[in-house]
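Chemist: Quick one, what's the 3D model for this:
(chains A, B, C and D)
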2 protein chains.
Amino acid sequence: MATKTPAKTSKARKPGKRAQSKQAIRDRIVKAALTLFQTKGFDTTTTKAIARKAGIAEGTVFNYFRTKEDIALFFFEEEVDHAIAAVRDDLRLRKAPLEEKLFKLVHSQLEFLAPYERFIGAALLHALNPASHLGAFSHRAQQLRHRYLAFVAELIEDSSPRRKNDALSWLVPEAFWIYYLGVLLFWLYDTSKDKQHTLAFLDRSLNVGVSFLQTGRR
Amino acid sequence: MATKTPAKTSKARKPGKRAQSKQAIRDRIVKAALTLFQTKGFDTTTTKAIARKAGIAEGTVFNYFRTKEDIALFFFEEEVDHAIAAVRDDLRLRKAPLEEKLFKLVHSQLEFLAPYERFIGAALLHALNPASHLGAFSHRAQQLRHRYLAFVAELIEDSSPRRKNDALSWLVPEAFWIYYLGVLLFWLYDTSKDKQHTLAFLDRSLNVGVSFLQTGRR
DNA sequence: ACACATTCATGAGTGCACTCATATATTTCA
DNA sequence: TGAAATATATGAGTGCACTCATGAATGTGT
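Modeler: Model prediction:
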């Protein structure tokens, strides 16, 4: 059946059929799940429905994700990685002031999330529990949050060096996290064209926040 | 059958049989649940087992608590109320410095939690998610957290009046919350006699924290 | 004391996330 | 190329939290 002549020379050589479909199925699951989460909500979407929509058996879902929540988490991992990369790879930002970097960071996130606004709304409710169900991502969720905040801390550190031992410094990422959740809420309820109100709010509040941070610190 | 002659005079009069057993059953459920949570863990304790231990049918559990998590939440509500009352009712504390009030608050909590150390450990893991499962208490949990932090804010406000509009003031309860979780962790792993290390840590850290708070603020 | 209303206990039933033994497809190696 | 080894798909099964129709117990008005 297979007209394949794999020239498996030395060691690492085989983007074989397996690896290919593996990636494809993973994507199909995530896509199907997100569509359903978006239209029916997280809780009311069954794993059976996800499997059906993805064209696979129910059990197969669990070969790719340990739990239903992990599927959603995977999405947020992509979202955070995407946003961090967007800031890292923007050379123009290299020597830009802190508030511009943070703006780009959050803006990238919002862009990524935009197509799934309904789902995000539901997810956020959970995540505010303060840590329930969807926020109850259990372990990887913590890691993700940590990765995100570590990046934020890195940006801050780059912009106003030293002062690491400041008694307040560990609070700043916590505060940013709360701020970020606030922005998300604002964004969700923002009915202005292209979410312009959110962007304006982001711009202003970051300016105020950063300048407060730097004044209070030095 | 009933040899009862209820002199139902005017309006509000009847601690009837109903209300009595209602309270009793509620207590039986909570007690049974806590014992099981403590010995077998939260997740591995089934509602059926709770019902059996409480001597009632499984469905009855759900006449008293909407979810299994609500049972645990009820326990924490009692815990917080108890601790707040302990501080409020201690007249000697009325004009004591802030750090003493906070000490009493947290100390009361730890005393209350002591018999269920194992369960707390499990619960804390969940609650750190940052908001998962047990922390996923969904709504009442938020209210509880809010009630607790509002009381803390009240104590702080009493001790160093004014300065309400300080840009940092909203962060202080958040910080205290994180601090409190830290204390719990410390306490859980504290093997010293009567948890003396925890108490010493509490004492010292509250002194430092409060004085920092007041210096930084005025 | 009797009927009507209300509250509550009951446990079989439901739907769901997740497991597992088995079948099937892919890769490896001679 | 074929057969052993390995990775993956499958869907009936499992255990659990939670629901609901029923009936029994308690409360209320006469």
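Chemist: What pLDDT does the model give residue A:135?
Modeler: pLDDT for residue A:135: 52.
Chemist: Please enumerate the helices of chain A.
Modeler: A:17-40, A:47-54, A:58-64, A:68-88, A:98-113, A:117-127, A:140-159, A:171-189, A:196-217 (DSSP state H).
Chemist: Tabulate those helices (a markdown table), appending mean pLDDT, mean neighbour count and distance to DNA strand C.
Modeler: Heads up, the C-betas are built off the backbone N, CA and C, glycines and all. Shown next, in a markdown table, are the helices of chain A (pLDDT from 0 to 100; neighbours: other C-beta atoms under 10 Å in any protein chain shown; distance: least, C-beta to the nearest atom of the strand, whole Å):
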| stretch | mean pLDDT | mean neighbour count | distance to DNA strand C |
| --- | --- | --- | --- |
| helix A:17-40 | 92 | 16 | 4 |
| helix A:47-54 | 97 | 17 | 4 |
| helix A:58-64 | 97 | 15 | 4 |
| helix A:68-88 | 94 | 19 | 4 |
| helix A:98-113 | 96 | 20 | 22 |
| helix A:117-127 | 77 | 19 | 14 |
| helix A:140-159 | 86 | 16 | 13 |
| helix A:171-189 | 84 | 16 | 24 |
| helix A:196-217 | 88 | 15 | 32 |
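Chemist: Turn those into TSV, including distance to residue B:188.
Modeler: Compiled in TSV, those are given as follows (distance: least, C-beta to C-beta, whole Å):
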stretch	distance to residue B:188
helix A:17-40	36
helix A:47-54	35
helix A:58-64	33
helix A:68-88	26
helix A:98-113	35
helix A:117-127	25
helix A:140-159	18
helix A:171-189	22
helix A:196-217	34
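Chemist: Of all those helices, which one is nearest residue B:175?
Modeler: Closest approach to residue B:175 among the helices of chain A (C-beta to C-beta): helix A:171-189, 5.9 Å.
Chemist: ok, and what's touching the closest one?
Modeler: For helix A:171-189, contacts defined as C-beta atoms under 8 Å, 6 or more residues apart in numbering or on different chains pick out A:106, A:110, A:117, A:120-121, A:124, A:127-128, A:145, A:149-150, A:152-153, A:156, A:195, A:197-198, A:201-202, A:205, A:209, A:213, B:171, B:174-175, B:178.
Chemist: now swap in stretch A:45-58 and tell me
Modeler: Here stretch A:45-58 makes contact (C-beta under 8 Å, 6+ apart) with A:25, A:28-29, A:31-33, A:35-37, A:40, A:60-62, A:68, A:71.
Chemist: hey, C-alpha coordinates of stretch A:20-36 in PDB?
Modeler: Taking C-alpha atoms only, stretch A:20-36 is exported to PDB below (Å, rounded to 0.1, in the frame of the first residue of the first chain):
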ATOM      1  CA  GLN A  20       2.300  13.800  10.800                       C
ATOM      2  CA  SER A  21      -1.100  12.600  11.700                       C
ATOM      3  CA  LYS A  22      -0.300  13.000  15.300                       C
ATOM      4  CA  GLN A  23       0.100  16.700  14.900                       C
ATOM      5  CA  ALA A  24      -3.000  16.900  12.600                       C
ATOM      6  CA  ILE A  25      -5.200  15.100  15.100                       C
ATOM      7  CA  ARG A  26      -4.100  17.200  17.900                       C
ATOM      8  CA  ASP A  27      -5.000  20.300  16.000                       C
ATOM      9  CA  ARG A  28      -8.300  18.900  14.900                       C
ATOM     10  CA  ILE A  29      -9.200  18.200  18.600                       C
ATOM     11  CA  VAL A  30      -8.200  21.600  19.700                       C
ATOM     12  CA  LYS A  31     -10.100  23.300  16.900                       C
ATOM     13  CA  ALA A  32     -13.200  21.200  17.400                       C
ATOM     14  CA  ALA A  33     -13.100  21.800  21.100                       C
ATOM     15  CA  LEU A  34     -12.700  25.600  20.800                       C
ATOM     16  CA  THR A  35     -15.500  25.800  18.300                       C
ATOM     17  CA  LEU A  36     -17.800  24.000  20.700                       C
END
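Chemist: Now do that stretch: distance to the chain's middle.
Modeler: 17 Å (C-alpha atoms, centre = their mean, to the nearest Å).
Chemist: Can you give me the end-to-end span of stretch A:186-203?
Modeler: In stretch A:186-203, first residue to last residue: 13 Å (C-alpha to C-alpha, to the nearest Å).
Chemist: Any idea how far it is from the middle of the chain?
Modeler: Put simply, stretch A:186-203 sits 19 Å off its chain's centre (C-alpha atoms, centre = their mean).
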